[in-house]
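> test case, fold it:
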Amino acid sequence: MSNGCLWKIHASLVPGSKNFMIKSLRDQHGCIRLENIKATNSTWITKILLSIISADPNISNKELDIILNNKFRIKSQLIQL
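Below you'll find the predicted structure:
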């Protein structure tokens, strides 16, 4: 839990497999995830943006920023886009 967020998950490894079984889940969020996710790097973002830009070559940086924020909760610097 972080900053009063109620989200919590408890899981355990299923014996003899690589799967986890969820034992309990409290899925109420009151926070924004602040951790860095290694998969969310410039290469991954470029792939996402390339597909969006290919569909709409005239899309603005501001619209790209809104998509990244709304769909993936990624905050960017407009200057980076």
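> what is the rounded mean pLDDT of the top helix by length along the chain?
Assignment by DSSP state H gives helix 42-55 as the longest helix of the chain. Mean pLDDT, helix 42-55: 85.
> send me the helix or strand just after it as CSV with only the CA atoms.
Later in the chain than helix 42-55, the nearest helix or strand by DSSP states H and E is helix 61-72. This file holds the C-alpha atoms of helix 61-72, laid out as CSV (Å, rounded to 0.1, in the frame of the first residue of the first chain):
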residue,chain,number,x,y,z
ASN,A,61,1.9,16.2,-30.2
LYS,A,62,-0.8,17.3,-27.8
GLU,A,63,-3.2,14.6,-29.0
LEU,A,64,-0.4,12.0,-28.7
ASP,A,65,0.3,13.1,-25.2
ILE,A,66,-3.4,12.8,-24.4
ILE,A,67,-3.6,9.2,-25.8
LEU,A,68,-0.5,8.1,-23.9
ASN,A,69,-1.9,9.6,-20.7
ASN,A,70,-5.5,8.3,-21.1
LYS,A,71,-4.7,4.8,-22.5
PHE,A,72,-1.4,4.0,-20.8
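> against which helices or strands is helix 61-72 packed?
Helix 61-72 is packed against helix 42-55, with contacts defined by 3 or more C-beta pairs under 8 Å, 6 or more residues apart in numbering; DSSP states H and E. The way it works is simple: take the backbone N, C-alpha and C, and place the C-beta from them, glycine included.
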